[in-house]
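A.B. asks: Predicted model, plus sequence, below.
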Amino acid sequence: MMTEKEKSEKGLLYDANYDKELIAARQKAKEILYDYNHSHPAKEDDRKQLLRLLLGKAENNFVFEPPFYCDYGYNIEVGENFYANTNLVILDGAKVKIGDNAFIAPNVGIYTAGHPLDVEQRNRGLEYAYPVTIGNNVWIGAGVSILPGVTIGDNTVIAAGSVVNRDIPSNCVAAENPAVVKKKIES
């Protein structure tokens, strides 16, 4: 029989609200994030160490400006030269992989979690999680929402305020709600 965590990893409905293992993992993340979000800015090494305890993978050069929030942390991977401005929220019930040279503006939400339409399933605390992948050299503008299962290609810009509910290809600018390709970026 699969654990609730294993179900989430497979994109199946899983119990995120009442499963003791997942509740404990979220509690651990909250405690690390509390320390991180209340840390002194001059304590850069201590702050990085806290994030290394939390994240699944981080290269050498990465910055998360506080406050930063996530569900678990262990499902988040960031590449080299990563920068996230304030108020980044990542609901990481599934993997969130972000490539090298990614820049995220303030108030961005990356959401892998969703809930069933069936009210009985939703009331039982069931949800699903689909991975999000963001390529290399991507710029995510302020106030963007990235929804479950989305892939954003390399060298792409997502304009401020956009809602990304489908894959966005490489080398383009996407904008609006829902986000659509507005123009190609020539190399």
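C.D. replies: Done, it's in. Nothing here was measured: the structure is a model prediction, and the numbers come from that model.

A.B. asks: Okay, now the unreliable bits of this protein?
C.D. replies: Residues of the chain meeting the criterion pLDDT under 70: 187.

A.B. asks: Let me see the ranges of the helices in it.
C.D. replies: In the chain, the helices defined using DSSP state H lie at 4-9, 20-37, 44-54, 119-123.

A.B. asks: quick one: which of these is nearest residue 143?
C.D. replies: Set against residue 143 and scored by CB to CB, those come closest in helix 20-37, at 19.9 Å. C-beta coordinates here come from the backbone N, C-alpha and C atoms, glycine included.

A.B. asks: okay if I get the helices of the chain as CSV plus distance to residue 71 and mean neighbour count?
C.D. replies: Compiled in CSV, the helices of the chain are given as follows (distance: least, CB to CB, whole Å; neighbours: other CB atoms under 10 Å):
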stretch, distance to residue 71, mean neighbour count
helix 4-9, 10, 18
helix 20-37, 6, 15
helix 44-54, 11, 15
helix 119-123, 18, 11
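
A.B. asks: Straight-line length of stretch 110-122, end to end?
C.D. replies: Across stretch 110-122, the terminal residues are separated by 21 Å (CA to CA, to the nearest Å).

A.B. asks: ok so, going back, rebuild the helices of the chain as JSON lines, extending it with distance to residue 101.
C.D. replies: What follows is the helices of the chain, written out as JSON lines (distance: least, CB to CB, whole Å):
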{"stretch": "helix 4-9", "distance to residue 101": "28"}
{"stretch": "helix 20-37", "distance to residue 101": "23"}
{"stretch": "helix 44-54", "distance to residue 101": "18"}
{"stretch": "helix 119-123", "distance to residue 101": "38"}
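
A.B. asks: Between those, which one is closest to residue 153.
C.D. replies: helix 4-9 (24.0 Å).

A.B. asks: quick one: which of the helices of the chain is nearest residue 149?
C.D. replies: helix 4-9 (13.3 Å).

A.B. asks: Check which helices and strands that closest one sits against.
C.D. replies: On a contact count with 3 or more CB pairs under 8 Å, 6 or more residues apart in numbering; DSSP states H and E, helix 4-9 meets strand 14-15, helix 20-37.
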